[in-house]
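Engineer: Mind looking at a prediction? Sequence and model below.
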Amino acid sequence: MNRRQLLRAAAALPAAAQLRADSAPRFHLRPGCVAYSYRKELAAKTMTYEELIHKLADWGIDGLDCTVYWFPDTSNEYLAKLRRTAQRSGVQTYNAGVRVSLCQPTPEKQQAEFENIRKWVDVADRLGAPHMRVFGGAVPKGATESQAIAWAVEVMKRGAEYAGSRGVTLGLEDDGGITTAAGPTVEIVKRTDSPWAGINADSGNLRVDGYNGFASMIPYATSVHLKASIVVEEGKKEKADWKRLLTMLGTGGYKGYVGLEYEENDAAERVPGLLADLRAVVRSLT
């Protein structure tokens, strides 16, 4: 390096340091919305996914967890149009929620569920969603929890291998059945042992001690749902402390979207305000 280059590089150091300071948030979190929040409207076709994307853009929400249950179809034409709408609106379709139940007791049923995963991974890939959430499913009658976990791991391993070949991460959601509690959810993902497998951690789905259960899932979290309420240590449901939850996430090293999932029937009235609250909390921590 000659003298002129050295002086130029030295002059750039203060600016580069300032840029790093200005651009490095405390936590790297982004507010999102789960399409399931508007399930009534989407099912009744009084709202389209495109219209929801436009609303989120107007409200300053960065991402959509695009629950696929009410897609009119999964043709290349439709998915390309939806992907273009999201891109031009500045909204990322960051997650796809699909009906997959991992806990299947026979090789034939496990193969069928793997095929289901493969089908929807291809849809997520065409949609531009880098993450897809799946469910553990009910424990089959007469089976033990240990057996059910092993069956779920078998399907999750195969699914994650295929998903990874498409650059899609599978997130197992803590949501009923074998994944009612945080413990089995974590065990399935740990035993899957894949860089393409994680947890879609939902703070509002845990039925006991929500904050501690949520904390145990954070090291494996690849996507996050927040609900308006949470079950506390005493077993009571109360308003969720989003700042506490997001601080736990950020401190635990999670980076990514935190999506509101609203489960009551008055979404049109409540969701915009809740999203404004979520956006404000995220901004206070980033």
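Structural biologist: That came through fine. The structure displayed is predicted, hence computed values, not measured ones. Residues are numbered from 1 along each chain as shown.
Engineer: Show me what counts as buried in stretch 240-259.
Structural biologist: 240, 242, 245-250, 254, 256-259 (16 or more other Cβ atoms under 10 Å). The way it works is simple: take the backbone N, C-alpha and C, and place the C-beta from them, glycine included.
Engineer: got the contact list for that stretch?
Structural biologist: Stretch 240-259 has contacts (Cβ atoms under 8 Å, 6 or more residues apart in numbering) with 26-34, 62-63, 65, 92, 94-95, 203-204, 210-211, 214-215, 218-219, 221-230, 277-278, 281-282, 284-285.
Engineer: low pLDDT regions in the stretch 51-200 of the chain?
Structural biologist: Scanning the stretch 51-200 of the chain for pLDDT under 70 picks out nothing.
Engineer: Could you pull out the strands in it for me?
Structural biologist: Secondary structure of the stretch 51-200 of the chain by DSSP state E, counting those that start in this stretch: the strands cover 63-65, 92-101, 131-135, 169-173, 197-202.
Engineer: a markdown table for the ones you listed, including mean neighbour count and distance to E187?
Structural biologist: Formatted as a markdown table, the strands of the stretch 51-200 of the chain follow (neighbours: other Cβ atoms under 10 Å; distance: least, Cβ to Cβ, whole Å):
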| stretch | mean neighbour count | distance to E187 |
| --- | --- | --- |
| strand 63-65 | 26 | 24 |
| strand 92-101 | 22 | 17 |
| strand 131-135 | 26 | 15 |
| strand 169-173 | 26 | 10 |
| strand 197-202 | 26 | 11 |
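Engineer: picking up where we left off before, sitting in helices, which of the contacts of stretch 240-259 do you find?
Structural biologist: G210, Y211, F214, A215, D277, L278, V281, V282, S284, L285 (DSSP state H).
Engineer: Three-state assignment for the closest residue to W70 other than its chain neighbours, please.
Structural biologist: Distances taken as Cβ to Cβ, 6 or more residues apart in numbering put L42 closest to W70, at 4.0 Å, once the chain neighbours are dropped. Of the three states, L42 takes helix under DSSP: H, G, I helix; E, B strand; the rest coil.
Engineer: Can you give me the neighbour number for L42?
Structural biologist: 21 (other Cβ atoms under 10 Å).
Engineer: hang on, isn't it packed against V34?
Structural biologist: No. Contact status for L42 versus V34: not in contact, 11.5 Å apart, counting by Cβ atoms under 8 Å.
Engineer: Please tell me how far the residue lying closest to W120 once chain neighbours are set aside sits from D202.
Structural biologist: In space, and not counting its chain neighbours, W120 is closest to V98: 4.2 Å by Cβ to Cβ, 6+ apart. Using Cβ to Cβ, to the nearest Å, one gets 15 Å for the distance from V98 to D202.
Engineer: Look up how far G273 lies from the residue nearest to W120.
Structural biologist: Counting by Cβ to Cβ - V98 and G273 are separated by 29 Å.
Engineer: Export the strands of the stretch 51-200 of the chain to a markdown table and append columns for distance to A163.
Structural biologist: Shown next, in a markdown table, are the strands of the stretch 51-200 of the chain (distance: least, Cβ to Cβ, whole Å):
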| stretch | distance to A163 |
| --- | --- |
| strand 63-65 | 16 |
| strand 92-101 | 11 |
| strand 131-135 | 7 |
| strand 169-173 | 5 |
| strand 197-202 | 8 |
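Engineer: Relative to W151, which of those strands is closest?
Structural biologist: Among these, the nearest to W151 by Cβ to Cβ is strand 92-101 (10.3 Å).
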